[in-house]
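>>> What follows is a predicted protein model with its sequence.
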Amino acid sequence: MQFRRALAREAQVLSGIAFKSKAHWPYSPAQLAAWREDLTVSPSTISTFPTYVVKIESEILGFFVLLPMPKHWRLEHLWVSPKSVGRGIGRALLEHAVGIAGQSGAAALEIDADPNAEKFYVACGASTLFSVAAPIDGQPNRERPQMLLSIEQPNPSFKQTRLRRSA
């Protein structure tokens, strides 16, 4: 697995991964179409914000985008190609995102999670703080978990930042 900064010219590839990953869940085609803009990663986003891809051989299998903020950074995107789910790529991406944010002094990552991804983030040490109403056709009571993943600040003698459970 190789991590590297995303290139602006890869925006369409990353948007495709985000859309296919969201479509992995049981959402209607109409709902997915309504979310297309939210799932689109622009070249300017890639150029402006920390955006990293993970590759195996020459194929991009996932990516994340971070939004730096004063205390907590925001995990704006974290997507894994559906064909690669269950291979540890999502966890590796999240650990890499935590490392980048932690090295810049962030105390935590804020995550506005899809309800289907909440278990993944909890398994990685995030805590659900509260939920916001996010109804869609057929799911009037749907809510999106608002999560926080605390970052253990790295010891300068270590290269790896570890995930820890939020308080």
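Now that the structure is in, tell me what you want to look at. Residues are numbered from 1 along each chain as shown.
>>> What mean pLDDT does the helix or strand containing residue 17 get?
If you go by DSSP states H and E, residue 17 is part of helix 11-23. Averaging pLDDT along helix 11-23 gives 96.
>>> Which SSE is immediately downstream of that helix?
helix 29-34.
>>> That following helix - contacts with which helices or strands?
helix 11-23 (3 or more Cβ pairs under 8 Å, 6 or more residues apart in numbering; DSSP states H and E). In short, each C-beta sits where N, CA and C put it, glycine included.
>>> Quick check: buried residues in the helix it packs on?
Residues 11, 13, 14, 15, 16, 17, 18, 19, 20, 21, 22 are the ones in helix 11-23 that count as buried (16 or more other Cβ atoms under 10 Å).
>>> ok so, going back, residues making contact with the helix holding residue 17?
With Cβ atoms under 8 Å, 6 or more residues apart in numbering as the test, helix 11-23 has contacts from 6, 32, 35-36, 39-43, 45-46, 51, 53, 60-63, 77, 79-82, 114.
>>> filter those residues to the buried ones?
Using 16+ other Cβ under 10 Å as the burial test, these include 6, 39, 41, 45-46, 51, 53, 60-63, 77, 79-81, 114 as buried.
>>> Report the distance from stretch 130-149 to the chain centre.
Relative to its chain's centre, stretch 130-149 lies at 17 Å (Cα atoms, centre = their mean, to the nearest Å).
>>> Next, the buried residues of that stretch.
For stretch 130-149, by 16+ other Cβ under 10 Å, it's 144, 145, 147, 148, 149.
>>> Are we agreed that residue 73 is in a strand?
Yes: assessed with DSSP: H, G, I helix; E, B strand; the rest coil, residue 73 lies in a strand.
>>> and it, what are its bridge partners?
With DSSP bridges applied, residue 73 shows beta-bridge pairing to residue 109.
>>> which outside residues touch the helix ranked longest in the chain?
What stands out as the longest helix in the chain, according to DSSP state H, is helix 89-103. For helix 89-103, the external contacting residues (Cβ under 8 Å, 6+ apart) are 1, 3, 50, 52, 54, 61-64, 66, 68, 73, 75, 78, 80, 109, 120-121, 124, 149, 151-154, 160-161, 163.
>>> can we see that at 6 Å?
Helix 89-103 has contacts (Cβ atoms under 6 Å, 6 or more residues apart in numbering) with 1, 3, 50, 54, 61-62, 64, 66, 73, 78, 80, 109, 124, 151, 154, 161, 163.
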